[in-house]
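Peer 1: Take a look and give me a structure for this.
(chains A, B and C)
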Amino acid sequence: MNLLSIDDLTPENIKNLLYIAREALFSSSRLRHKILATAFFEPSTRTKLSFHSAMIHLGGNVIDLPDSSSLKKGESEEDTIRTLSQYADCLVIRHPRDVKGLAKYSSVPVINAGDGSNEHPTQALLDLHTMAMMDKEVLKIMFTGDLYHSRTINSLVKAITKCCNAEFIFTNEINEDLKQYPHLMIDESEIPNYIDKVNVLYMTRPQVERHTDKLVTSNFILTNELVNKMAKDAIIMHPLPRTKELPPEIDTNHRAKYFDQVKNGLYMRMAILGWLI
Amino acid sequence: MNLLSIDDLTPENIKNLLYIAREALFSSSRLRHKILATAFFEPSTRTKLSFHSAMIHLGGNVIDLPDSSSLKKGESEEDTIRTLSQYADCLVIRHPRDVKGLAKYSSVPVINAGDGSNEHPTQALLDLHTMAMMDKEVLKIMFTGDLYHSRTINSLVKAITKCCNAEFIFTNEINEDLKQYPHLMIDESEIPNYIDKVNVLYMTRPQVERHTDKLVTSNFILTNELVNKMAKDAIIMHPLPRTKELPPEIDTNHRAKYFDQVKNGLYMRMAILGWLI
Amino acid sequence: MNLLSIDDLTPENIKNLLYIAREALFSSSRLRHKILATAFFEPSTRTKLSFHSAMIHLGGNVIDLPDSSSLKKGESEEDTIRTLSQYADCLVIRHPRDVKGLAKYSSVPVINAGDGSNEHPTQALLDLHTMAMMDKEVLKIMFTGDLYHSRTINSLVKAITKCCNAEFIFTNEINEDLKQYPHLMIDESEIPNYIDKVNVLYMTRPQVERHTDKLVTSNFILTNELVNKMAKDAIIMHPLPRTKELPPEIDTNHRAKYFDQVKNGLYMRMAILGWLI
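Peer 2: Residues are numbered from 1 along each chain as shown, chains lettered A, B, ... in the order given. You can find the predicted model right below:
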């Protein structure tokens, strides 16, 4: 059993993970004597430490393949994965292009922690967890920033569609994967006209490291003036790290939930690890 | 509760920590399921591994922000600390300038592991622990080396003054912080005339990485001839790493306590972690 | 008690370690509250992670001196080892030249994880474990590749000689250490004539990083045609990482045991850690 894509999950799987994360149904020695190996072929300390913390909270332990590892030098990535899977009970892999292909070489479950512009299913699930805590019948979500390159949004829209009623507003150019979902496409200049109608403002940063294929620009910067137009119980989300699109002055607004997302990420990853291992 | 400066401690706090460290009043599962995060914005493997070992000895576990972390790149240090504090029960931060400012962004206790030339309170406490084991009514301490830039000596003199009777001899230029304490100032050339009168010879290396503001030179090199002039029960201390000021030929002398300091550091950091978490 | 060389082991020690590894006589909390420190002055993620995993499987924990550590900079390696041995219950050291010399400065047991072209005793023991599982009266082993620089083969031949009946075939230039053992020396071009007569084909990669003293070339590349000439119950071994000498097309042959070696390495290192600590 792997978690490589949101496609690997049934709606029931997703609802079950949300339930476990929300009710914090964790035993602190559930994964005692179990080992998680993290292999990040593209650096991301934030995601890696989130998995480390989740595994330790469950009573397990962690080994880490360093970013610039000698294990990778001089040997194929396939051999690296084969070797790591002898040492651990579960692998978390991030890769600039392909995790699915590498997962075939593992003898233990593999979690995709982001593969290029494709998917980032655990980030999607933790975001869904944050949204689900609002208990809305219909989620009305406006996405801003670099939607074209965001693997998180790819995975998130797929996950939401599987288990919730939702309406999507996109404010910038989208990729082929996203085009298949019903949505309203508006221009960034129209955001002020719609921001009072949504439950969730989901912001992303420019994924400049992926702009080799296509340049995407976004000039949208959130202001307190705009935030004050939002519904009282609407929330602002961002997968972090942020750049100038989300100024620190917003942090004290009660709608800012992006640091709660970090904590929710810990709980959701505990739910995922407990389920897979 | 943070430990950012010796100022955060009452004399009773200090005495209590010394008592715990000395009597080794540690339970090996005291911090079971607790996580310590280390964030060193300036490298120091020695201090970091000392905290790792202390936390594991108490039954807890550790996550580490790598020195050149992607978590730091592209996001503010404030956001990094906010994120880390979601993952862990206590943070240990080292920073080239400011730990106090960053600590405000943490939702869990913060320990200062050195902030520029300001303070290094846990090193001061472990040194005090080493001195306290001598059971002297009055500590007579001679400090040599680069006293101007040593944050350890700043913290140490402050801690000693809080809870012991002590007399200080400085043998090199000192900074404004140190000038406020009663002391005798001598020239390095006079060290041989005073070395037989002290309980403690506390040596430091040139802090060349901090000489951007001011160049401090020290030509003092300890010799066996000088060591043999010291009182039989006097001790030689050094926070390590050492350079040429303290040659390996001294290591076999019974007065050499600098490797005992390393072990005492482990015990004192166990006492501090057990107290804060 | 250290494990610096196969010379540190009696035949009984070796047989006992093989028995423990084979029968998996491990208690998962045998080393609870114990700490292993890894100090690799020459990078090797594979070996390091194998020890990490073994220690965690035994219920212990790990601290790691980073490859490019500040602990090493500005201080002698001797002081580094002295310091680490205050923090941990056992050290694993890899070094480009000398582990024996450094081990003198440790106050806890030291395991040699490879010292230049000298020895690599734990790799030898795990290889021996893999061979011992064949239950052959006489091991007939053909070694290929860069035999001159392989510390693994130095240690392995020594270990086999101590406790098994074996016949060695070398197919390339050997060093002085290996010359003392009875062996048959053939040319690489003759491998096809002998490959059907051995139980074990032990392959190594060119150790190009050690070719500063002497250039060793090997043109031998294993093919399926050759593998099919081997005895049905013969096995192919390689300490990994591999380069072109061992193409992935061989991996599906039942004789390929090089990924089993990785798993056996975990068990043998658990046996060694449990015995030393």
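Peer 1: rest of the way, CA atoms for contacts and neighbours
Peer 2: Fine.
Peer 1: how many other residues sit next to residue A:253?
Peer 2: Neighbourhood size, residue A:253 [other CA atoms under 10 Å in any protein chain shown]: 13.
Peer 1: Looks to me like it is in a helix.
Peer 2: No - under DSSP: H, G, I helix; E, B strand; the rest coil, residue A:253 falls outside any helix and is assigned coil.
Peer 1: What score does it have for pLDDT?
Peer 2: Per-residue confidence (pLDDT) for residue A:253: 97.
Peer 1: List the buried residues in stretch A:167-183.
Peer 2: For stretch A:167-183, burial by neighbour count (16 or more other CA atoms under 10 Å in any protein chain shown) applies to A:167-174, A:178.
Peer 1: Put the alpha carbons of it into CSV.
Peer 2: The C-alpha trace of stretch A:167-183 is given here as CSV (Å, rounded to 0.1, in the frame of the first residue of the first chain):
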residue,chain,number,x,y,z
GLU,A,167,-17.0,25.6,-5.7
PHE,A,168,-13.7,26.7,-7.0
ILE,A,169,-12.6,30.2,-8.1
PHE,A,170,-9.3,30.4,-9.9
THR,A,171,-7.6,33.8,-10.3
ASN,A,172,-4.7,33.0,-12.6
GLU,A,173,-3.7,30.7,-15.4
ILE,A,174,-4.3,27.0,-14.6
ASN,A,175,-2.8,23.7,-16.0
GLU,A,176,-4.6,20.9,-17.9
ASP,A,177,-5.2,18.9,-14.8
LEU,A,178,-7.2,21.6,-13.2
LYS,A,179,-9.3,22.5,-16.2
GLN,A,180,-11.3,19.3,-15.9
TYR,A,181,-13.0,20.5,-12.6
PRO,A,182,-16.0,22.9,-12.7
HIS,A,183,-14.7,26.3,-11.8
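Peer 1: what sits up against it?
Peer 2: Here stretch A:167-183 makes contact (CA atoms under 8 Å, 6 or more residues apart in numbering or on different chains) with A:138-149, A:154, A:157, A:184-188, A:191, A:216, A:218.
Peer 1: Restrict those to the buried ones and give me that as a ChimeraX selection.
Peer 2: Those of the contacts of stretch A:167-183 that count as buried under 16+ other CA under 10 Å are selected in ChimeraX with:
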select /A:139,140,141,142,143,144,145,146,147,148,149,154,157,186,188,191,216,218
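Peer 1: Okay, and which of the contacts of stretch A:167-183 map to helices?
Peer 2: Counting by DSSP state H, the contacts of stretch A:167-183 place A:154, A:157, A:191 in helices.
Peer 1: Just name the lowest-scoring one in these, pLDDT-wise.
Peer 2: Among those, residue A:154 has the lowest pLDDT, at 90.
Peer 1: just checking, it touches residue A:118?
Peer 2: Yes - look at residue A:154 against residue A:118 with CA atoms under 8 Å: they come within range, at 7.2 Å.
Peer 1: possible to save the ones in helices among the contacts of stretch A:167-183 as TSV with distance to chain B?
Peer 2: As requested, the ones in helices among the contacts of stretch A:167-183 are exported to TSV (distance: CA to the nearest CA, whole Å):
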residue	distance to chain B
A:154	23
A:157	25
A:191	25
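Peer 1: Which pLDDT value goes with residue A:71?
Peer 2: Residue A:71 carries a pLDDT value of 56.
Peer 1: Okay, buried residues for the helix ranked longest in chain A please.
Peer 2: Ranked by residue count and defined by DSSP H, the top helix of chain A is helix A:258-276. Residues of helix A:258-276 classed as buried: A:258-259, A:261-274 (neighbour count, 16+ other CA under 10 Å).
Peer 1: Tell me which residues touch residue A:188, please.
Peer 2: Residue A:188 sits in contact with A:144, A:171-172, A:218-220, where contact means CA under 8 Å, 6+ apart.
Peer 1: Find me the pLDDT at the residue lying farthest from the centre of chain A, would you?
Peer 2: In chain A, counting by CA atoms, centre = their mean, residue A:74 sits farthest out from the average C-alpha position, at 31.6 Å. Residue A:74 is assigned 71 on the pLDDT scale.
Peer 1: tell me the secondary structure for it?
Peer 2: Classified using three-state DSSP, residue A:74 is coil.
Peer 1: about what we covered before: okay, the buried residues of stretch A:167-183 in JSON lines with distance to residue B:207 and secondary structure next?
Peer 2: Formatted as JSON lines, those follow (distance: CA to CA, whole Å; DSSP: H, G, I helix; E, B strand; the rest coil):
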{"residue": "A:167", "distance to residue B:207": "60", "secondary structure": "strand"}
{"residue": "A:168", "distance to residue B:207": "57", "secondary structure": "strand"}
{"residue": "A:169", "distance to residue B:207": "57", "secondary structure": "strand"}
{"residue": "A:170", "distance to residue B:207": "55", "secondary structure": "strand"}
{"residue": "A:171", "distance to residue B:207": "53", "secondary structure": "coil"}
{"residue": "A:172", "distance to residue B:207": "52", "secondary structure": "coil"}
{"residue": "A:173", "distance to residue B:207": "53", "secondary structure": "coil"}
{"residue": "A:174", "distance to residue B:207": "54", "secondary structure": "coil"}
{"residue": "A:178", "distance to residue B:207": "56", "secondary structure": "helix"}
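Peer 1: what does the stretch 1-150 of chain A put close to chain C?
Peer 2: A:33-35, A:61, A:63-66, A:69-71, A:74-75, A:79, A:82-83, A:86-88 (CA under 8 Å from any CA of the partner chain).
Peer 1: related to what we said a few turns ago, going by distance to residue C:250, which of the buried residues of stretch A:167-183 wins?
Peer 2: residue A:178 (42.2 Å; CA to CA).
Peer 1: Domain-wise, how is chain A divided?
Peer 2: A:6-119+A:264-276, A:122-258 (automatic domain parsing).
Peer 1: With respect to burial, which of these scores highest?
Peer 2: Per-stretch averages of neighbours, counted by mean count of other CA atoms under 10 Å in any protein chain shown, single out domain A:6-119+A:264-276 among the domains of chain A, with a mean of 20.
Peer 1: quick revisit: possible to save the domains of chain A as JSON lines with distance to residue B:24?
Peer 2: Output for the domains of chain A, formatted as JSON lines (distance: least, CA to CA, whole Å):
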{"stretch": "domain A:6-119+A:264-276", "distance to residue B:24": "26"}
{"stretch": "domain A:122-258", "distance to residue B:24": "42"}
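Peer 1: before we move on, back to that, list the contacts of the longest helix of chain A.
Peer 2: A:1-2, A:17-18, A:20-22, A:24, A:26, A:30-31, A:50-51, A:53-55, A:57-58, A:109, A:122-123, A:125-127, A:129-130, A:236-240, B:82-83, B:86-87.
Peer 1: can you give me how far it is from the chain middle?
Peer 2: 10 Å (CA atoms, centre = their mean, to the nearest Å).
Peer 1: now stretch A:139-156
Peer 2: With CA atoms, centre = their mean, you get 10 Å for stretch A:139-156.
Peer 1: the helices in the stretch 101-250 of chain A, which residues?
Peer 2: For the stretch 101-250 of chain A, the helices defined by DSSP state H, counting those that start in this stretch occupy A:121-132, A:151-163, A:176-179, A:191-194, A:224-227.
Peer 1: What residue, apart from its backbone neighbours, is nearest the residue positioned nearest the centre of chain A spatially?
Peer 2: For chain A, the residue nearest the mean C-alpha position is residue A:123 (1.5 Å; CA atoms, centre = their mean). Excluding the flanking residues, the one nearest residue A:123 by CA to CA, 6 or more residues apart in numbering or on different chains is residue A:152, at 6.3 Å.
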